[in-house]
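Visitor: structure for the following, please:
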Amino acid sequence: MTVYVETDYLLALAKDSDWLKSRAEETLEARDVVTATYSYLEVLLIGERYEFDYVKLFSNMLEVVPVATDEERQIVLKAVKYFEDGMTAFDSFHAATAESRSHPVLSSDEAYEDADPERLPLEPTEDR
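Guide: Numbering: from 1, shown residues only. Have a look, this model is predicted:
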């Protein structure tokens with residue numbers, strides 16, 4: 001049976017010690033587990049206090065706790081790269097989603113200037 005897991009499960013697996021770790025590992029042996037991209041986003045937000053190596057952690061975690069599609073997997077991996085490059089957790093997932101779907105980002109946030117998807121200015125320009 002496949003079960004959906006959320007952030008507390010991911011953190012239990014990722015942390016060196018956690019009161020839920022043994023139960024999470026037991027479940028991993030007994031069931032198939034899946035999660036959503038936003039569970040990984042939440043790990044980025046919460047995980048700053050744990051000093052994870054995000055690229056390594058997320059690459060490994062996606063093998064044991066997959067997301068629904070290959071596109072979602074790519075979104076998570078690209079988001080981690082953007083996060084490691086200095087974007088906020090939310091901006092990194094927005095940029096990764098836009099890039100994976102081949103869309104430009106319509107935003108006033110200049111953080112997207114250094115990302116692969118093109119930023120279309122939401123703010124007024126001289127032309128408009």
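Visitor: any weak-confidence spans in the protein?
Guide: The model of the chain has pLDDT under 70 over residues 127-128.
Visitor: contacts for the longest helix belonging to the chain next, please.
Guide: As assigned by DSSP state H, the longest helix anywhere in the chain is helix 70-84. For helix 70-84, the external contacting residues (Cβ atoms under 8 Å, 6 or more residues apart in numbering) are 36-37, 40-41, 44, 54-55, 58-59, 62, 66-67, 89, 91-93, 95-97, 99-101, 115. Where you see a C-beta, it was placed from the backbone N, CA and C, and this is true even at glycine.
Visitor: what subset of the residues you listed is buried?
Guide: In terms of neighbour count (16 or more other Cβ atoms under 10 Å), the buried residues within these are 36-37, 40-41, 44, 54, 58, 62, 66-67, 89, 91-93, 95-97, 99-100, 115.
Visitor: where's the residue lying closest to residue 9 once chain neighbours are set aside, which helix or strand?
Guide: In this structure, residue 9 finds its nearest non-sequential neighbour in residue 24, 5.4 Å apart by Cβ to Cβ, 6 or more residues apart in numbering. Assigning secondary structure by DSSP states H and E places residue 24 in helix 21-30.
Visitor: coming back round to it: look up how far residue 18 lies from the residue nearest to residue 9.
Guide: Per Cβ to Cβ, to the nearest Å, residue 24 is found 8 Å from residue 18.
Visitor: common neighbours of those two, please.
Guide: Joint contacts of residue 24 and residue 18 (Cβ under 8 Å, 6+ apart) are residue 12.
Visitor: the more surrounded of these two?
Guide: residue 24 (20 against 15; other Cβ atoms under 10 Å).
Visitor: from residue 103, how far off is that one?
Guide: Taken as Cβ to Cβ, the span from residue 24 to residue 103 is 35 Å.
Visitor: does the helix holding residue 24 pack against any helices or strands, and if so which?
Guide: Using 3 or more Cβ pairs under 8 Å, 6 or more residues apart in numbering; DSSP states H and E, the elements in contact with helix 21-30 are helix 7-14.
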